[in-house]
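K.L.:
With the sequence up front, the predicted model follows.
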Amino acid sequence: MEQVVVRSDDYNSKSQVTKYEWLEILSDDNFMTNNYKYVLSIFFLEHEHKATCKYLAEKYNTSPSSISGFVTGFSRVVQERLNRFEITTEKGDKTYWLVTMLGKKVARNLFEWTLRNELVEAMMELDYINANAIKIDSIGHLVSLINKDVGGFKKDFLIARKELVGNQKITNSQLLFKYDSEDRQWAINEGAGTEVQYHIYLSNNKIGYGLGFNTLYVRFKDEKTPIEYIKPYMDAFIALRSSNEIIKLTDRDFALSTSDANFQNPVEDEHYLFGRIIELDDAQQLSLIDYYSIINDLKGDLFNAYKKVFEFANKLNLNGKIATQKTQQSITHPLLKEISELLFANKNLILTGAPGTGKTYLAKTLAEEWGAKYELIQFHPSYDYTDFVEGLRPVQNENGEVGFELRDGSFKNFCKEALKYKNNQQLSNFEEVYQRFIDDISESAIDLTTPSRESPFSIIVNSRENITAVLSSETQRQITLTKPLIQNYLETGKSLRWKPYLTSVCDYIEENYDLRMSDTGDKSKKFIIILDEINRAEISKVLGELFFSIDPGYRGDSGRVTTQYANLQTDEDVFKKGFYIPDNVYIIGTMNDIDRSVESFDFAMRRRFAWKEIKSEDRLSMWEGQIDDWEEEAEQRLIALNKAIESVQGWNSAYHVGPSYFLKLANYDGDFDKLWTYHLESLLFEYLRGYPDAEQQIQGLKDAYNLQLGFDDDHNDG
């Protein structure tokens with residue numbers, strides 16, 4: 001056998017396979033699997049028959065490792081079939097790609113590969129792309145092909161489903177789709193019943209596949225109706241419509257097989273599908289590229305959506321009777337209910353839209369409807385990591401000396417409080433008890449001793465309403481025990497510093513005051529942090545390494561990250577081993593699309609949030625009881641003005657005027673001219689800054705606002 005030796009960094013070598021050998025290999029259907037045919041086809045279709053695996057993976061919705069594996073496998077079996085040469089590196093490592101390809105390094109760990117000329121000539125002679133279209137005889141035939149070509153994914157799917165259904169008896173790992181009846185034109189994944197399913201059908205020369213929701217009757221012991229079984233999965237899907245997993249599919253023509261209204265009100269004996277349709281040609285043939293688009297979806301984006309819907313449906317099934325009934329079912333306002341479902345499903349939500357649409361108000365209202373503890377933080381250009389997470393802050397001791405101390409930022413403090421509720425460590429009456437305690441010692445200092453050495457000290461209240469421990473020694477040294485320090489010890493039993501003195505003070509409080517822990521029901525309490533105008537700060541500067549933890553898939557311990565100041569944290573800090581966001585913490589950001597700082601919100605961070613546009617016309621309800629005498633005219637003027645705004649070149653709904661501006665009519669006794677002069681005109685002029693015809697545009701918008709120029713046919717007379 002000939003030994004072909006190449007340098008480790010050499011991706012070009014003399015061809016070892018002739019065109020006629022390639023013709024024989026490519027024509028042998030017993031040798032050529034669909035995987036081999038597919039990977040050769042996608043390289044062949046590229047300009048000059050060359051590409052990187054990364055580029056092809058992005059183009060065909062698969063992974064670079066999958067493409068690389070197909071090429072490696074094909075090249076290896078070709079070499080073994082011919083059995084007359086072996087390609088190795090100088091170090092003796094076998095290399096297979098050079099059997100099929102020539103390569104060029106284009107970047108670090110990135111290679112561009114080109115099909116060898118002899119192989120290309122053979123593929124052209126065979127009309128390879130058209131010749132390898134797959135004749136689909138029946139749904140059973142299609143299912144058997146898919147079960148074979150998804151390979152090891154069958155086991156991955158099995159393991160995922162086993163976990164999702166709660167470790168029930170595993171199903172057949174040799175099948176993805178089960179088809180055992182020639183009476184039907186569809187199939188579902190092995191083991192599926194009354195749950196979200198992989199569904200595929202063949203009808204009228206069309207293949208449809210995607211997520212199925214089956215309301216066909218299946219007999220179970222507890223005799224639930226089919227709709228009662230499947231409804232949580234359908235509700236989960238609706239709640240996740242704006243998630244990355246569903247949007248990725250929607251962008252590739254996945255859609256519901258019925259209207260939203262019908263889907264949300266299912267009837268029995270139906271099969272609803274969120275799927276994609278591919279048409280066969282007149283000869284019932286499916287191109288290899290289209291066939292593998294199905295395979296790649298089943299193994300990739302569709303699988304992610306399947307798991308996401310299943311997981312959320314499990315939450316609805318387990319927590320729905322408690323959490324969702326309290327936080328969602330009681331919400332009747334359609335917009336608020338939609339926002340509630342989006343936040344509950346995704347943990348992170350951005351409310352975006354034109355200024356004045358009441359996004360911050362909606363966020364606060366939702367928090368109140370949930371009964372959640374919430375905090376609003378106003379982002380701005382100078383807001384940074386030290387403010388949000390943690391950092392060194394200047395502090396002054398009792399002697400007036402200034403030093404630096406590690407202090408938690410607002411978000412980290414918020415997460416610590418949420419964790420206390422989750423762990424049932426929250427005192428329900430600490431504020432009341434602490435106030436009584438400092439009132440008592442303000443009148444007279446109290447003498448205490450440390451627990452072990454019984455060193456005497458006295459406690460007094462300083463000007464910041466913190467406790468000062470005065471040591472009974474010649475130096476009369478003073479130690480400050482802050483209010484948060486005391487609260488943390490009483491709730492968690494952990495001392496962040498000054499343990500001997502802190503322990504004695506807290507023991508005294510527990511003995512003399514009626515401290516009460518929160519009810520166990522508070523363990524399910526939700527915490528919502530509202531980041532107002534989130535795009536006005538530099539996100540990477542504010543979040544730092546929290547960029548990872550902010551992802552909704554990494555709530556809890558799995559999202560631990562080591563922060564910049566970890567080495568300065570005490571062992572008692574709950575986040576000493578890494579900071580994470582507790583899973584009872586939800587994040588709502590608000591953003592005006594028109595802000596010039598919107599570009600600072602990068603794409604990677606955008607993927608970590610669900611997005612909901614709050615439109616001007618959706619929020620007219622904020623006027624109720626506020627401007628009743630002028631409400632009808634205000635609506636006409638608002639609609640006319642926003643319609644005119646959209647007619648300005650380069651403008652869209654992001655430039656709309658929100659209804660909150662019209663609330664100011666109450667201040668001007670319904671004077672619309674004052675509203676325009678003192679509020680709207682300056683806003684719109686700012687939008688038009690730099691336009692050569694700004695004044696003319698402003699006049700046109702004013703005319704529309706005054707119901708002229710035909711923007712409202714019933715009020716052309718102004």
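P.N.:
Nice, I can see it.
K.L.:
Would you mind listing the residues in contact with residue 414?
P.N.:
Counting by C-beta atoms under 8 Å, 6 or more residues apart in numbering, residue 414 touches 375, 527, 529, 585. (C-beta placed from N, C-alpha, C; glycine too.)
K.L.:
what is the rounded mean pLDDT of the helix or strand residue 531 falls within?
P.N.:
In this structure, residue 531 is located in strand 527-532 according to DSSP states H and E. Strand 527-532 shows a mean pLDDT of 94.
K.L.:
try stretch 659-666
P.N.:
Here stretch 659-666 scores 92 as its mean pLDDT.
K.L.:
now the end-to-end length of that stretch.
P.N.:
13 Å (C-alpha to C-alpha, to the nearest Å).
K.L.:
Any idea how far the strand holding residue 531 is from the middle of the chain?
P.N.:
Remark: strand 527-532 is offset 16 Å from the chain centroid, using C-alpha atoms, centre = their mean, to the nearest Å.
K.L.:
Contacts for that strand next, please.
P.N.:
Contact partners of strand 527-532, identified using C-beta under 8 Å, 6+ apart, comprise 343, 360, 363-364, 366-367, 370, 372-379, 411, 414-415, 417-418, 421, 582, 584-590.
K.L.:
now residue 605, nearest residue through space, not along the chain?
P.N.:
With sequence-adjacent residues excluded and distances taken as C-beta to C-beta, 6 or more residues apart in numbering, residue 605 is closest to residue 539, at 5.5 Å.
K.L.:
mind listing which of the contacts of strand 527-532 are in strands?
P.N.:
Members of those lying in strands (criterion: DSSP state E): 373, 374, 375, 376, 377, 378, 585, 586, 587, 588, 589, 590.
K.L.:
residue ranges with poor pLDDT in the stretch 451-600 of the chain?
P.N.:
Applying pLDDT under 70 to the stretch 451-600 of the chain flags residues 463, 473-476, 496, 517-524, 571-572, 595-600.
K.L.:
picking up where we left off before, my guess is the residue nearest to residue 605 meets residue 604, correct?
P.N.:
No. Using C-beta atoms under 8 Å, residue 539 makes no contact with residue 604, being 9.6 Å away.
K.L.:
Compare the two and say which is more crowded by neighbours.
P.N.:
For residue 539 versus residue 604, neighbours defined as other C-beta atoms under 10 Å are more numerous around residue 539 (20 against 11).
K.L.:
Find the residue at the geometric middle of this structure.
P.N.:
Geometric centre of the chain, nearest residue: residue 608, 3.6 Å, by C-alpha atoms, centre = their mean.
K.L.:
For that residue, which three-state class applies?
P.N.:
At residue 608 the chain is in coil, as set by DSSP: H, G, I helix; E, B strand; the rest coil.
K.L.:
quick one: it from residue 551, how far?
P.N.:
Separation of residue 608 from residue 551 (C-beta to C-beta, to the nearest Å): 5 Å.
K.L.:
ditto for residue 694
P.N.:
Distance check for residue 694 against residue 551: by C-beta to C-beta, it reads 43 Å.
K.L.:
Looking at the two, which one has more neighbours?
P.N.:
Taking other C-beta under 10 Å, residue 694 and residue 551 do not tie; residue 551 has more neighbours (19 against 14).
K.L.:
if we can go back for a sec, out of the ones in strands among the contacts of strand 527-532, which is most surrounded?
P.N.:
Counting neighbours by other C-beta under 10 Å, the top entry in the ones in strands among the contacts of strand 527-532 is residue 588, with 28 neighbours.
K.L.:
in terms of contact, does it touch residue 352 like I think?
P.N.:
No. Using C-beta under 8 Å, residue 588 is not in contact with residue 352; the gap is 11.3 Å.
K.L.:
List the buried residues of the lowest-mean-pLDDT helix or strand in the chain.
P.N.:
Taking mean pLDDT, DSSP states H and E as the measure, helix 603-606 is the helix or strand of the chain with the lowest mean score, a mean of 75. Residues of helix 603-606 classed as buried by neighbour count (16 or more other C-beta atoms under 10 Å): residue 605.
K.L.:
Check which element follows that helix along the chain.
P.N.:
Following helix 603-606 in sequence, per DSSP H and E, is strand 610-614.
K.L.:
quick one: buried residues of that following strand?
P.N.:
Under the neighbour-count criterion of 16+ other C-beta under 10 Å, strand 610-614 has 610, 611, 612, 614 buried.
K.L.:
per-residue pLDDT, the third one?
P.N.:
We note a pLDDT of 91 for residue 612 in this prediction.
K.L.:
Distance check, it against residue 555.
P.N.:
Distance from residue 612 to residue 555, counting by C-beta to C-beta: 20 Å.
K.L.:
re the thing from before, contacts for the least confident helix or strand of the chain?
P.N.:
Taking C-beta under 8 Å, 6+ apart as the rule, helix 603-606 contacts 350, 539, 543, 547, 550.
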